[in-house]
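Asker: Mind folding the following:
(chains A and B)
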Amino acid sequence: MGSLFQNMQDVPLNHYIWFCTLIFVIGVIGVLVRRNAIVIFMSVELMLNAVNLLLAAFSVHHNDSSGQVFVFFIMALAAAEVAVGLSIIVMVYRNTQSIDINVLNRLKW
Amino acid sequence: MINLIWLVPLLPLIGFIINGLGRNSFSKSAIGIIGSGVVLAAFALSVGIFFEIEGSEVKSHTIYLFDWISTGSLKIPLSFLIDPLSSVMLLIITGVGFLIHIYSIGYMHNDEGFGKFFSYLNLFIFFMMLLVLGSNYIVMFIGWEGVGLCSYLLIGFWYTNKSYASAAKKAFVMNRIGDLGFLLGVFLIFVTFGSVEFATIFPMAAAYMPGDTTIALICLFLFIAACGKSAQLPLFTWLPDAMAGPTPVSALIHAATMVTAGIYMITRSNVLFDLAPVIQHLIAIIGLATAVLAALIAITQTDIKKVLAYSTVSQLGYMFLGLGVGAYSGSFFHVLTHAFFKALLFLAAGSVIHGMHHDQDMRNMGGLKKKMPITFVTMLIGTIAISGIPPFSGFFSKDEILAHVFEYNQLMWGIGVFCAALTAFYMFRMLFLTFYGQFRGTHHAEESVHESPSTMTFPLIVLAILSAIGGIIGIPEVFGGNNWLAQWLSPVLNGVRPIHLDHATEYIIMSVSVGGAVVAIAIAYFKYIKGNHVPVADAGERSFLANLSYHKFYVDELYNAIIVKPLEKISVIFYRIFDKKIIDGIVNGLGLTANESSKGLRLLQSGNVGFYLFMMVVGIIALFIYTFLAL
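Answerer: Residues are numbered from 1 along each chain as shown, chains lettered A, B, ... in the order given. Presented below is the predicted three-dimensional model:
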């Protein structure tokens, strides 16, 4: 265990940053190009977790545990958000028999 | 007794509150008793105060009630000044006021607004007391404005008649012009002397040389104020229109008390005016011009109240003439006697109008002598008194003014005598047209003419007695009198100002003015009784001069043309350009901008969620770029 922890410590911060940016960009592109509401939702989660990972990495880097504490809060919030978001999607599906976001184009003047 | 002075204004105020609140629920007799009762009580107190002052050595008392305004170096207490001048004024206001209250019970008996009328009258008495009693210019100003308000309310008492309501507005607006002068005068007094208390200012003024510019400016402003309140040129046109109010109001406010406020104020400030000879000269000229102009107009008027109104303006002009030549006690004497005989004349005219069922046109009257004997006799006494026939009161007061004027400037005296003759002429013309000859109205109207009830004739009789004998308080030296009034007022007026003429000259002056009056009466007698002359109908043919006089020298039309019309034009221009284009333009422009821009921007709200998300990302990236660039 000790060596694994040591190995993780050895990964340079740069790698974390590039990795997180990659995941975040995948999330953004997913949100922009996909029309399936659930997939968009998953992409949002990707972005969220990319940021979480980055917080944890910086927390270790600065030897300050408050970053990791913050991550826990975000996770708790994300869980609540998922519950609300999914229920909205379920309701949308019940009403429109579809989860294509382009069906929901009535929200205009 | 002097310590009870606060009760004198308070009583009418209480009457106002009670009658004002109970105007619809109390019976008419209860309202009449409360309204007149409080004034009678105030009169009783005033009499007590008067005799207390007369009996004591100290002639001037300042009764401090409480601090009203206290800020920085400005301290204005609500305090009352009781001295010979204000104590006599108190007697006039409460005494004549009480008689007119009694009269109103009969005159207004059938009016719906009976309670309202009495509460207004009481309020007027209250404000008049403040004006007279105030020991500084600010308390005086409250009273000054208050009586103006009451005047407005009472002129427009029958406000459903549009011309009455606009007469009230006219009086109010014209008085405002004068009030502006009062305010400016008081400001200047405060800047110059650092106080508004009479007791502080007048001793300090002694340090100034006669002809000082600041004092002259103060006096000019105060004189403008007096012009507005006392209906002098060029602000006199409101007073004849003020006759729209009920006749007791014309008698009380627009003849006996309120319009003399300007004279009271100048008499009170005599120390300042003595230091401004230029302004005094101006006052004399304006007073004389007003007296002549108003008398000329009165000659051809056909409305009985209009004749009296112009006669009031003319007599006020006399008083200002007296003030201008420094005959303060003479002017004040005329205020006193004028209060008696003009109140009497108005009330008698009211009695005639009452008997004629609210017809005021003298062309429809005539021969009322038999039908209304008491009214006739009392009005005759009033007419003789105002014409200046000895030994009635008007003779003594007018003579005192004219003697001083003779000393000052003999040309002015000549015009003054001419004006006195005019007064005698138009007053007797009115009397002859109303009471002599044949009745000229319809037969039905003739049947219903009746003498007024005793509540109306009682005040007439009392005032007639006062008009007849009122002169005894100021019998001049030449008749062996000692001019009690001048002695009495001497503490306020810086000593008695005797006439430096020998007795022979004084006799000549008197006989000229009396002779002029007698000749004028004779002319009136031959024209209106022997000649049975009746003024022609409104549209009838008149000579050029008569036409000029009948139309009041077109003063109203002149004011209309040079002030009202240009003002209206300017307002229309401002309305069209400034209001319509600029103000409305800004407001409408703002609305239009929001409307138009949202019409364009709403196209962004396509309803396409993908597009929204894309814009969101673009926005975030833009924010990032901005943040990094800013760093």
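Asker: If we go by neighbour counts, what in the helix ranked longest in chain A is buried?
Answerer: Assignment by DSSP state H gives helix A:66-96 as the longest helix of chain A. Applying a neighbour-count criterion of 16 or more other C-beta atoms under 10 Å in any protein chain shown, the buried positions in helix A:66-96 are A:G67, A:V71, A:A78, A:G85, A:I89, A:V92. C-beta here means a position set from N, CA and C on the backbone, and glycine is covered the same way.
Asker: Over to stretch B:93-112?
Answerer: B:93-108.
Asker: give me the low-pLDDT residue ranges for the chain?
Answerer: I'll assume chain A. Filtered on pLDDT under 70, chain A yields the residue ranges A:1-2, A:5, A:106-109.
Asker: Chain B, not that one
Answerer: Filtered on pLDDT under 70, chain B yields the residue ranges B:538-540.
Asker: Show me the residue at the heart of it, geometrically.
Answerer: B:V259 (2.5 Å; C-alpha atoms, centre = their mean).
Asker: returning to what we had before: could I get the buried residues of helix A:66-96 as JSON lines with distance to chain B?
Answerer: Putting these into JSON lines (distance: C-beta to the nearest C-beta, whole Å) gives the following:
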{"residue": "A:G67", "distance to chain B": "21"}
{"residue": "A:V71", "distance to chain B": "21"}
{"residue": "A:A78", "distance to chain B": "19"}
{"residue": "A:G85", "distance to chain B": "14"}
{"residue": "A:I89", "distance to chain B": "12"}
{"residue": "A:V92", "distance to chain B": "11"}
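Asker: which one of those residues sits closest to B:N608?
Answerer: A:V92 (15.5 Å; C-beta to C-beta).
Asker: May I ask which helix or strand encompasses the residue nearest to B:Y528 when sequence neighbours are not counted?
Answerer: Excluding the flanking residues, the one nearest B:Y528 by C-beta to C-beta, 6 or more residues apart in numbering or on different chains is B:F432, at 4.0 Å. Under DSSP states H and E, the secondary-structure element containing B:F432 is helix B:410-435.
Asker: quick one on the thing from earlier: from what I see, the residue nearest to B:Y528 and B:I529 are in contact.
Answerer: Yes. Under the criterion of C-beta atoms under 8 Å, B:F432 makes contact with B:I529 at 5.4 Å.
Asker: Quick check: residues of the stretch 151-300 of chain B near chain A?
Answerer: If contact is defined as C-beta under 8 Å from any C-beta of the partner chain, none of the residues of the stretch 151-300 of chain B are in contact with chain A.
Asker: any idea how far B:M108 is from the residue nearest to B:Y528?
Answerer: Between B:F432 and B:M108 the distance, using C-beta to C-beta, to the nearest Å, works out to 29 Å.
Asker: got it, and B:V47?
Answerer: Relative to B:M108, B:V47 is positioned 27 Å away (criterion: C-beta to C-beta).
Asker: And A:M42, by the same measure?
Answerer: From A:M42 over to B:M108 the distance is 93 Å, taken as C-beta to C-beta.
Asker: B:F66 versus B:A424, what's the distance?
Answerer: Taken as C-beta to C-beta, the spacing of B:A424 relative to B:F66 amounts to 50 Å.
Asker: Which of those two has more residues huddled nearby?
Answerer: Under the criterion of other C-beta atoms under 10 Å in any protein chain shown, the comparison of B:A424 against B:F66 puts B:A424 first, with 28 against 7.
Asker: ok, that one - contacts?
Answerer: Contacts of B:A424 were listed using C-beta atoms under 8 Å, 6 or more residues apart in numbering or on different chains, and they are B:S387, B:G388, B:I389, B:G516, B:A517, B:V518, B:A520, B:I521, B:A524.
Asker: could you say which helix or strand contains the fifth one?
Answerer: Read it as B:A517. Secondary-structure assignment from DSSP H and E places B:A517 in helix B:503-525.
Asker: before we move on, the earlier item: list only buried entries from the contacts of B:A424.
Answerer: Buried residues within the contacts of B:A424, defined by neighbour count using 16+ other C-beta under 10 Å: B:S387, B:G388, B:I389, B:G516, B:A517, B:V518, B:A520, B:I521, B:A524.
Asker: Find the nearest non-adjacent residue to the first one, please.
Answerer: Nearest in space to B:S387, with sequence neighbours left out and distances taken as C-beta to C-beta, 6+ apart, is B:A424 at 3.8 Å.
Asker: How many neighbouring residues does residue 43 have?
Answerer: Because you didn't say which chain, this covers chain A. The number of residues packed around A:S43, counting by other C-beta under 10 Å, is 19.
Asker: Oops, wrong one, chain B.
Answerer: 21.
Asker: Please apply the same query to the one 4 residues further on.
Answerer: Residues lying near B:V47 (other C-beta under 10 Å) number 16.
Asker: OK, contacts around it?
Answerer: When contacts are counted by C-beta under 8 Å, 6+ apart, B:V47 touches B:L91.
Asker: Correct me if wrong, but it is in a helix.
Answerer: Yes. For B:V47, which was evaluated using DSSP: H, G, I helix; E, B strand; the rest coil, the result is membership in a helix.
Asker: coming back round to it: tell me what the helix holding B:A517 is packed against?
Answerer: Applying 3 or more C-beta pairs under 8 Å, 6 or more residues apart in numbering or on different chains; DSSP states H and E, we find helix B:503-525 packed against helix B:373-387, helix B:393-408, helix B:410-435.
Asker: Can you point out the buried residues in the last one?
Answerer: Looking back up the chat, that one is helix B:410-435. Within helix B:410-435, the residues scored as buried using 16+ other C-beta under 10 Å are B:412-413, B:415-435.
Asker: swap in the first one?
Answerer: When neighbours are counted by 16+ other C-beta under 10 Å, the buried residues of helix B:373-387 are found to be B:374-387.
Asker: tell me which element the residue of chain B at minimum distance from chain A is part of?
Answerer: Closest residue of chain B to chain A, C-beta to the nearest C-beta: B:G607 (3.5 Å). Under the assignment given by DSSP H and E, B:G607 is not contained in any helix or strand.
Asker: and it, how far is that from B:G317?
Answerer: Following C-beta to C-beta, the distance that separates B:G607 from B:G317 is 85 Å.
Asker: the more surrounded of those two?
Answerer: For B:G607 against B:G317, the residue with the higher neighbour count under other C-beta under 10 Å is B:G317, and the figures read 27 against 13.
Asker: Please identify the helix or strand for the more buried one.
Answerer: Element membership for B:G317 (DSSP H and E) is helix B:304-324.
Asker: That helix - contacts with which helices or strands?
Answerer: Using 3+ C-beta pairs under 8 Å, 6+ apart as the contact criterion, the neighbours of helix B:304-324 among helices and strands are helix B:238-241, helix B:247-251, helix B:261-268, helix B:277-298, helix B:328-355, helix B:393-408, helix B:410-435.
Asker: so what's B:S467 up against?
Answerer: By C-beta under 8 Å, 6+ apart, the residues touching B:S467 are B:T337, B:F340, B:F341, B:L344, B:I381, B:G382, B:A385, B:F392, B:S393, B:G394.
Asker: Taking these together, which two end up most distant?
Answerer: When C-beta to C-beta is used, the two most widely separated members of these are B:T337 and B:I381, lying 12.3 Å apart.
Asker: I figured B:E145 was touching B:R176, is that so?
Answerer: No. At 9.5 Å, B:E145 does not count as touching B:R176 under the criterion of C-beta under 8 Å.
Asker: Of these two, which one has the most company?
Answerer: B:E145 (18 against 12).
Asker: Give me the distance between the more buried one and B:D179.
Answerer: For B:E145, the distance to B:D179 under the criterion C-beta to C-beta works out to 7 Å.
Asker: Then B:F157?
Answerer: Look at B:F157 and B:D179: by C-beta to C-beta, they are 22 Å apart.
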